[in-house]
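A.B. asks: kindly generate the corresponding structure for this input.
(one chain, ligands or ions: 1)
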Amino acid sequence: MSDGPDPTGSAGLLISGAGSVGAALALAAARAGVPVTLVERREEAELRRDQRLFVLSEPSWRWLGEIGVLAHLETPACPIREICVEEPGQPSVRLEALDVDLPVLGYTVWAHGLEEALRRALRSETAIRLLYGSRIERSVPVCGEAHYRIETPQGATQITPPLAVIAEGQPPAWALGSGMRCREKDTGRAALVIPLASRVRPQSAQAYEQFEDRSLLTILPAATDRSVVIWTRPRAEARSFMEASPEKRRLDLSRQIRCRPEAMTEEGNPVLFDLISRRVTPPCADRVLLIGNAAHTVVPFAAQGLNLALRDARHLVDAIASARVRGEDWGGGAWNARFWASRVCDHRRVDQLTLGLPRLFEQTDPMVRLIRRGGWRMVARSRTLQRRILVRGLGWNP
Ligand SMILES: Cc1cc2nc3c(=O)[nH]c(=O)nc-3n(C[C@H](O)[C@H](O)[C@H](O)COP(=O)(O)OP(=O)(O)OC[C@H]3O[C@@H](n4cnc5c(N)ncnc54)[C@H](O)[C@@H]3O)c2cc1C
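C.D. replies: Residues are numbered from 1 along each chain as shown. Predicted coordinates for the structure are as follows:
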């Protein structure tokens, strides 16, 4: 059926979806000695042309190094040492790596470069049975065992792993039938990803975040003297931006960032992402667990979504490795519920930040604005508060 060995048998991990999250989880599990079957719907040659520039936090970056991904990264990464947060007309707040005793806060890396590095790392890992062009189906668990049928271009097979992790980018209908509830909400907003041919802000190694009543704008530096703007706006405005001429887009953007239009030359076309918020609770049942966008989508603000999912993956592998050392059964309903309980606080913190802060800046009530601006001025003056935002708000460990 496949050209690789079948290491999973009934003792290994089944992962469905080889996006950034599923691929990283597979590599980490294999390195921890857990046999893995990784199933991906796309064909191996089918690459996604993802033009996004991801910010990976320093702990995520270090972990990707430990599991062998960075050795395969061919596109250069750009360090981020400072985040400048601004509300027009207000003092800007600078959050610096030195505040949390780190040399860098993280790195920007092209999404397609990361995907290719993961793919190469997967190819070089013999403990992973990698099945492209394939999909899984689950039968109802009986006596604590769940059978999964894997359909590949070469035929079908059935395995009974202790745990199947779904990293398919969205929850499969069959998973939602097993006690999980999915709450989806259309935010009415869209994120425009606009690649630019030059560095827009003069400072290198700086990410810039701008809040306004109805828009949230981030500028990220790329390693090769380019930058990417992520502009979250009401969907109708984002759509008309996409339909405008490049010249009109340039003027709009330069007005928003208060920069010369010449610096706003696009490199390639902007891409629009509709923002639908999704949360599956609990994201697990007997012998199945959802991870990444399949379980939880995060508003693209402050680079939290992938970083949170990579933390989930890292903790999951640690939990499985400990259970195996202790000879415990892992992946059952109670085990999964305990694992999820250990991750709830981190998820809550990310939701509070990514949903709460933009909401605070949307408030048009003059009293709320006054209080918010007073608070913001305090943060601009206090390194202790800035450090707190980095550690508690953004999850950067000192
Ligand atoms: C504009 C924007 C910018 C962002 N920037 C950042 C950032 O800077 N930092 C950050 O941390 N996060 C960021 N995020 C969030 C980040 O994009 C997501 O958290 C991350 O991409 C989720 O990856 P995933 O692997 O869960 O899903 P996906 O990338 O969607 O991968 C899912 C995989 O599963 C496969 N698949 C689908 N269905 C099946 C099936 N039935 N069987 C088998 N395989 C299947 C797909 O082909 C794909 O390979 C951003 C999001 C947006 C929208």
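
A.B. asks: quick one: the helices in the stretch 1-150 of the chain?
C.D. replies: With helices called from DSSP state H, counting those that start in this stretch, the stretch 1-150 of the chain shows them at 20-31, 58-66, 111-123.

A.B. asks: list the buried residues in the shortest one.
C.D. replies: To tie it back to what came earlier, the one meant is helix 58-66. The neighbour-count check on helix 58-66 (16 or more other CB atoms under 10 Å) flags 58-61, 63-64 as buried. All C-beta atoms are positioned from the backbone trio N, CA, C, and that covers glycine.

A.B. asks: go on, stretch 205-225?
C.D. replies: Buried residues in stretch 205-225 (16+ other CB under 10 Å): 206-211, 215-223.

A.B. asks: closest to the ligand out of the helices of the stretch 1-150 of the chain?
C.D. replies: helix 20-31 (3.5 Å; CB to the nearest ligand atom).

A.B. asks: okay but Gln386 is in contact with Val100, surely?
C.D. replies: No - taking contacts as CB atoms under 8 Å, Gln386 lies outside contact range of Val100: 9.5 Å.

A.B. asks: the more surrounded of those two?
C.D. replies: Between Gln386 and Val100, counted using other CB atoms under 10 Å, the more crowded position is Gln386 (20 against 17).

A.B. asks: spell out which helix or strand contains that one, please.
C.D. replies: Here Gln386, judged by DSSP states H and E, is contained in helix 383-388.

A.B. asks: Trp335 now?
C.D. replies: Per DSSP H and E: Trp335 is located in helix 333-351.

A.B. asks: and that helix, what does it pack against?
C.D. replies: Where contact means 3 or more CB pairs under 8 Å, 6 or more residues apart in numbering; DSSP states H and E, helix 333-351 is packed against strand 284-285, strand 288-290, helix 305-326.

A.B. asks: quick one: average pLDDT of the last one?
C.D. replies: If you average the pLDDT over helix 305-326, you get 97.

A.B. asks: contact residues of the stretch 151-300 of the chain facing the ligand?
C.D. replies: 167-169, 191, 193, 230, 273, 292-294, 300 (CB under 6 Å from any ligand atom).

A.B. asks: tell me the bridge partners for Ala191.
C.D. replies: On the basis of DSSP bridges, Ala191 is bridged to Thr232, Phe273.

A.B. asks: mind saving the C-alpha coords of stretch 167-187 as CSV?
C.D. replies: C-alpha atoms of stretch 167-187 as CSV (Å, rounded to 0.1, in the frame of the first residue of the first chain):
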residue,chain,number,x,y,z
ALA,A,167,-4.8,18.5,11.9
GLU,A,168,-6.9,19.0,8.8
GLY,A,169,-7.4,22.7,9.1
GLN,A,170,-11.0,22.2,9.9
PRO,A,171,-13.0,19.7,12.0
PRO,A,172,-14.3,16.6,10.1
ALA,A,173,-18.0,16.0,10.4
TRP,A,174,-17.5,12.6,12.0
ALA,A,175,-15.5,14.1,14.8
LEU,A,176,-18.3,16.6,15.6
GLY,A,177,-20.6,13.6,15.9
SER,A,178,-18.6,12.2,18.8
GLY,A,179,-19.5,14.7,21.6
MET,A,180,-17.5,17.8,20.4
ARG,A,181,-19.3,21.0,19.7
CYS,A,182,-18.1,23.5,17.1
ARG,A,183,-18.9,27.1,17.5
GLU,A,184,-18.2,29.2,14.4
LYS,A,185,-18.7,32.9,14.0
ASP,A,186,-18.2,35.0,11.0
THR,A,187,-16.3,38.1,12.3
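
A.B. asks: alright, I will stop here.
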